[in-house]
Each structure stands twice: as structure tokens, then as C-alpha cells.
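>>> here is my input; please provide its structure:
(chains A and B)
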Protein chains: 2
Amino acid sequence: MASNVLPRPVQRLINEFARLPGVGPKTAARLAFYLLRAADEQSLALAEALQELKAQTQLCSVCFNITEADPCPICADDGRNASLLCVVEEPLDVVAIERSRAYNGRYHVLHGAISPVEGIGPDDLKIAELLSRLERGGFDEVIIATNATLEGDSTALYLQRRLASLNLKLTRLARGLPVGGDLEYTDEITLGRALEGRQELH
Amino acid sequence: MASNVLPRPVQRLINEFARLPGVGPKTAARLAFYLLRAADEQSLALAEALQELKAQTQLCSVCFNITEADPCPICADDGRNASLLCVVEEPLDVVAIERSRAYNGRYHVLHGAISPVEGIGPDDLKIAELLSRLERGGFDEVIIATNATLEGDSTALYLQRRLASLNLKLTRLARGLPVGGDLEYTDEITLGRALEGRQELH
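Sure, this is the predicted structure:
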């Protein structure tokens, strides 16, 4: 966009939209001009939601999922199976598994996966926290529910080695997941099947 | 997204993103979780840009383009040809024409096009303002630069009739092959227009 023609506040919003992943300059301009024509309320509601995103959320000190209250509703729910732990990469993976209605245990969110290419090692993830959580006891089974990607598989392999010495049943999601697919985008039935068919690691 | 699992501030931001055109619930969730992981600064900069979008912009009282100062820089520029007026549908069309560096006159932004399907009539556009602007005199030529769409053509035809009684040269943008376009892949209507509007070589 020719920045000398657009008013600075419009250009500034276009620039900010264009910083978002998957949003190019043309999409950013389209969004900005849509908001210019829309009611003031819409821009302000989006602005407020953005301001409250970080202000009103935190990581659960138990499972590291994103939450308003600490501990999060899932960790605080006595009705769930406290001996079953599902280890996932991202908070959205918790949403996907909950949507499958095939799981009633607890979670642990790693906040990423091991990726030498991106320079992400085990210390960048919530793995130390996972180990100390498991060492405190109470869990019978750990389901490693990382993505079916190279990074997810590396992370699973790493966790398998680190958790081998603990007296725990280790499982992975069944290979019902389409290979190369993101857990976040998997439909609930496939995800449910993958949970039911989970395989024990030896 | 399962709203019972996501913290309310996250769900709220997803909902607000999903109100934007072309942003579905999955893209909205991806953007929200991207911002959750990004530095606070990015969410807050976007929020501020949104708040200032309407607060710091207005419509130019002369040409109705979006502007910080009234009149806008183009209307205030004495170096431009004040006898030439280009009528466009949207502010982004001004940006596109300025980028071509082929035009040095003034603009008039209609803020839409006539569309019976969407219930947009002449009274919803800045057409009365265009007429009184032209009646004040000073213009020799009006270029009707509406889109090459059904709505753009209807609007052009309507303007042509309304402006016929004024002693002005009325022109429209040429129809033809896009520069760099393959004849083989050009649709038959565009090709027909390109043939009708063929130019004699000297």
C-alpha cells in the first residue's frame, strides 16, 4: 500500500494486522478498511479483547494450560481421573481432546515441541515441571499426545526416555492421526479413535 | 472451539477476530493463540491502533476520502490539476490510482456502489455531494472510475445520466487486457471489450 496516501492511523492498523501470521498486506488493508466502515463498537470491542487477553489470563501452575483462575478448571475438577495424565504441545490441543469427549484425565501442556531447526530444546518446554509433577506421584499412566509431526515424534521419544525410570504406564495416541497432521485440526471422531487405540510404549 | 474449555478472554478474542470478513473460527483461534504466545507489546499495539483508527480519522469534507486532516492532503495540494475529477467507489481505489502515478487531478469517493441486491441506492452514496461539488464549477472533466462489476457499471450509468445536463466531459476507465495478461486466459467479455475499444496505432 502506498503509505504516503493513506492516513497514518489507517496505515498503522494495516501494519499491525500484517504482523499477524498468515495476514499479508492486502488482507491487512481489507480488514482495516472493513473496520473503518463498520460501527465504532466493533473496533473497540476487538481492542478491548486484545487488552484483556494477557491481563486476564495466566498459565495454570499445575498443568500450564492457559486459564483465568489458578488452578485451571480441569485441574480443579475432582470429578476427573487424577491418575491419568495427557501431555500435549499446546493449549489448543487440550481444546481438541476435550471436544472428542473421549478423555477424562488431567493434562500437561509443554508449550511447544523439541525442534532443533527452530532452536527449541527440552529446556524451553515445561518438561522439568512435568518430571517433578510425576515424581510427586499419583499418576498411573501418561499419554504422550504430541503432534504426529517430526517435532512431535522427537518430543515423544525424548519424553519416553526421560520417563522410562518412573514406574508408569507410558502410552501414545494411536496412529489414527493422519501423518503430518496437526492435532489441533483433527476431527473429533478420529481423535476419539486415536485415544481409544492408544498403544503402550515398551 | 469448545467455549467451555477456553478461558473467557481467549474465547472473546476469538469471537471478535471471527467477526472480521474472511476470518473463520479456526483462523481466529490461531490468531488469538499466536498473540497469547507473542510479546504483550504486539497485542497492545494492535489494540491501540484499533482505538485510534476512528478517533484520529475522518472523511474529507471535500472529496470524502478518509483523512487525518480536513481537507485531505490531496484536496489541499495546489500542485494538482483542479479541473479534473476522478470518481471512485472506495478509499482503497484512491490508493490504487495514486500508485499508478498516471493521475494528477482530484478525487471524489462515493463510499460504495449502487446495488439493489444489497439495498444500496444512490441516496446511500456521496452522489448528492458530488453533484453540488460539480455545480460549484471549476471542473472540465469527470472520470468515472467505478469497478468493472455489475454494481460499478450500474453506478457509472446512473452518474452518466445525472451528470449529462452539466457542461462537462465525462469519461470512463478503458476496458481491455490487463498488462501482462495472456490473451489465452482472458475471459470472453474482457476480450470483447478490448476489441471494441481497440486503439489505432500511429
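
>>> tell me the domain ranges of chain A?
Domain assignment of chain A by automatic domain parsing yields the ranges A:3-56, A:79-172.

>>> which one of the ones you listed lies nearest to B:R37?
B:R37 lies closest to domain A:79-172 among those, at 7.9 Å (CB to CB). C-beta coordinates here come from the backbone N, C-alpha and C atoms, glycine included.

>>> is the closest one in proximity to chain B?
Yes - using CB under 8 Å from any CB of the partner chain, domain A:79-172 reaches chain B at A:90-92, A:94-95, A:98-99, A:111.

>>> which residues does A:V142 bridge with?
A:L85, A:L170 (DSSP bridges).

>>> need the pLDDT of it.
Here the pLDDT value assigned to A:V142 is 95.

>>> ditto for A:L6
At A:L6, pLDDT is 85.

>>> same check, this time on A:T149
pLDDT, A:T149: 84.

>>> run through the residues that contact it.
Contacts for A:T149 (CB atoms under 8 Å, 6 or more residues apart in numbering or on different chains) come out as A:113, A:180, A:182.

>>> coming back round to it: distance to B:I127 added to the domains of chain A, as CSV?
Shown next, in CSV, are those (distance: least, CB to CB, whole Å):
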stretch, distance to B:I127
domain A:3-56, 17
domain A:79-172, 48
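
>>> B:A45 is nearest to which of those domains?
domain A:3-56 (5.6 Å).

>>> now the strands for chain A?
For chain A, the strands defined by DSSP state E cover A:58-59, A:66-67, A:84-88, A:106-109, A:141-144, A:169-172, A:199-200.

>>> and those strands as TSV, adding mean neighbour count and distance to B:S61?
Shown next, in TSV, are the strands of chain A (neighbours: other CB atoms under 10 Å in any protein chain shown; distance: least, CB to CB, whole Å):
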stretch	mean neighbour count	distance to B:S61
strand A:58-59	16	48
strand A:66-67	24	47
strand A:84-88	24	56
strand A:106-109	25	54
strand A:141-144	22	64
strand A:169-172	19	66
strand A:199-200	10	71
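
>>> kindly reformat those as a markdown table containing distance to A:R12.
A markdown table is the format used below for those (distance: least, CB to CB, whole Å):
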| stretch | distance to A:R12 |
| --- | --- |
| strand A:58-59 | 29 |
| strand A:66-67 | 28 |
| strand A:84-88 | 37 |
| strand A:106-109 | 34 |
| strand A:141-144 | 44 |
| strand A:169-172 | 47 |
| strand A:199-200 | 52 |
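
>>> what is the orientation angle of the longest helix along chain A with helix B:40-55?
The longest helix of chain A (DSSP state H) is helix A:40-55. Orientation of helix A:40-55 against helix B:40-55 (axes from the mean of the first three to the mean of the last three CA atoms, to 10 degrees) gives an angle of 170 degrees.

>>> buried ones in helix A:40-55?
Residues A:42-54 are the ones in helix A:40-55 that count as buried (16 or more other CB atoms under 10 Å in any protein chain shown).

>>> what does stretch A:150-164 give?
Quick answer for stretch A:150-164 (16+ other CB under 10 Å): A:151-156, A:158-159, A:163.

>>> quick one: A:D182 from chain B, how far?
Relative to chain B, A:D182 is positioned 10 Å away (CB to the nearest CB, to the nearest Å).

>>> tell me the pLDDT at A:S3?
44.

>>> among the contacts of A:T149, who's most crowded?
With neighbours defined as other CB atoms under 10 Å in any protein chain shown, the most crowded of those is A:A113; it has 23 neighbours.

>>> low pLDDT regions in chain A?
For chain A, the stretches with pLDDT under 70 are A:1-4, A:175-177, A:179, A:202.

>>> and the helices in it?
A:8-18, A:25-37, A:40-55, A:73-76, A:91-100, A:127-135, A:150-163, A:188-196.

>>> could I get the ones you listed as a markdown table with distance to B:D140?
Formatted as a markdown table, these follow (distance: least, CB to CB, whole Å):
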| stretch | distance to B:D140 |
| --- | --- |
| helix A:8-18 | 31 |
| helix A:25-37 | 31 |
| helix A:40-55 | 39 |
| helix A:73-76 | 70 |
| helix A:91-100 | 60 |
| helix A:127-135 | 74 |
| helix A:150-163 | 65 |
| helix A:188-196 | 66 |
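
>>> mind telling me which residue is nearest the centre of chain A?
A:E90 (1.8 Å; CA atoms, centre = their mean).

>>> ok so, going back, quick one: closest of the helices of chain A to B:V5.
Going by CB to CB, the one of the helices of chain A nearest B:V5 is helix A:91-100, 4.5 Å.

>>> run a quick neighbour tally on A:S132.
A:S132 has 9 neighbouring residues, counting by other CB under 10 Å.

>>> meant to ask about A:T146, not that
When neighbours are counted by other CB under 10 Å, A:T146 registers 26.
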